[in-house]
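Chemist: structure for the following, please:
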Amino acid sequence: MTIDITSRSAAALASSALAPQPSFRVHTRVAHDADEQARNLHGWHQTYDQLTAGSFVGGLTELCLDHMQVFVETTSHTLRQTCEVQKDAYWFGIPTCREGSGRIDAQPITGDALAFRPGGIEFELLTSAGYEIFGVVVKGDVLRRYAAQVERVGLAEQWPDTQVVPIGTARKERLCASLRELLEGGAAHAAPLSSCARNNLQASVLASLFDVGALPAAEPPAMPSRARRQSIVSEARDYVLANRDRALSVPEMCERLHVSRRTLQYCFQDVLGMAPATYVRAIRLNGARRDLGNASRESRSVQDVAAAWGFWHMSQFATDYRELFGMRPSDTLKAARAITCAADASRSPPR
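Modeler: Below is the predicted model of the structure:
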């Protein structure tokens, strides 16, 4: 299950996906004039005019995923920008400053708001000196499908005409913090992001946009009864165990169980007191721990057991395992082997 909602739809979406940078790595660039800064942003048509005097310095940290672009841009001087993102995509711009957050088509972006524009339409940004703004660009078909099949809501019809979306100062700060963490975490990985990691990042960004109210949507349906909440959690557990060899995403479980992300979160919080993703990881780690207890009899390694439970990043598996159980996976395997050896010795006839 991926951010494009089903693996079956991946091929259909591929032709309309954002053109990604092949490495799927976080890239950081520094520019020393406004024109260079404008060119550095992947996939945009834009022109920057510097309006205040002095030597310009701009920075851009960017991650291009399969159907999404996430970036943070800093500029040292006041700029007038004409911008246009690719057709059938949507841009969310989140300035970090509370006041003087600039203007979009002459409309002020207040300290509690973000900017929004659809692709294929040119717009104008006026940004002040010392400006920092986070940006998210997502393909339209992916966003609409996510809204319908994961959030289980329809996007408001008036939404494409919106330029400034008030979301509240606290929510805006939380969104900026999550995007900063995403980019900093991606920059810390030297290797390209795996397909699973990219899908999970895309899902987390879309979930964050819905959570802060960046996307005007219809009212969610009423929450299910207690019996139904328990049934949903039970069905989720069964589905995880039936697909233990891969890491399941929350969007996939939503589609499988025919519930919204909000409903799924509510059910897990009510029944188990934890988020769905936390529970799914714990179930898989517990399964791996049980298998490690039997691995010595089957001549299986830690890597074999981890892969059987969908853990392919061994250092992350070891970290999560130790955090949950207080020991390394290899310690569990060594203890199991010691018990097996002792049992074998006790059964051997004396010489």
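Chemist: the most centrally placed residue in the chain and residue 69, how far apart?
Modeler: Geometric centre of the chain, nearest residue: residue 201, 2.3 Å, by CA atoms, centre = their mean. For residue 201, the distance to residue 69 equals 12 Å [CB to CB, to the nearest Å]. Heads up, the C-betas are built off the backbone N, CA and C, glycines and all.
Chemist: circling back: what's next to the helix or strand containing the residue nearest to the centre of the chain, contact-wise?
Modeler: For residue 201, the host element (DSSP states H and E) is helix 195-211. If you take CB atoms under 8 Å, 6 or more residues apart in numbering as the criterion, helix 195-211 is touched by 1-3, 24, 63, 65-68, 70, 92, 136, 138, 142-143, 146-147, 150-151, 171, 175, 178-179, 182, 186, 193, 215, 217, 246-247, 249-251, 261, 312.
Chemist: and the nearest residue to residue 65 once chain neighbours are set aside, how far from residue 249?
Modeler: Nearest non-adjacent residue to residue 65, counting by CB to CB, 6 or more residues apart in numbering: residue 198, 4.8 Å away. Distance, residue 198 to residue 249, using CB to CB: 11 Å.
Chemist: so what's residue 247 up against?
Modeler: 196, 200, 280, 284, 310-311.
Chemist: so what pLDDT did it get?
Modeler: pLDDT for residue 247: 81.
Chemist: same deal with the one 4 residues further on?
Modeler: The model reports residue 251 with a pLDDT of 87.
Chemist: close enough to count as contact, it and residue 152?
Modeler: No. With contact defined as CB atoms under 8 Å, residue 251 does not count as touching residue 152 (11.3 Å).
Chemist: looking at those two, which is more packed in?
Modeler: More crowded of residue 251 and residue 152, by other CB atoms under 10 Å: residue 251, with 27 against 20.
Chemist: which strand or helix spans the residue nearest to residue 74 when sequence neighbours are not counted?
Modeler: Leaving aside its chain neighbours, residue 74 sits nearest to residue 59 (4.4 Å; criterion: CB to CB, 6+ apart). Residue 59 belongs to strand 58-64 when assigned by DSSP H and E.
Chemist: picking that back up, just the closest of the contacts of residue 247 to residue 46, please.
Modeler: Among those, residue 200 lies closest to residue 46 (CB to CB), at 29.8 Å.
Chemist: can you count the residues close to the closest one?
Modeler: 19.
Chemist: look up how far residue 57 lies from it.
Modeler: 34 Å.
Chemist: can you list the buried residues in the longest helix along the chain?
Modeler: In the chain, assigned by DSSP state H, the helix with the most residues is helix 276-298. Buried residues in helix 276-298, counted by 16 or more other CB atoms under 10 Å: 276-277, 279-281, 283-285, 287-289, 291-293, 295-296.
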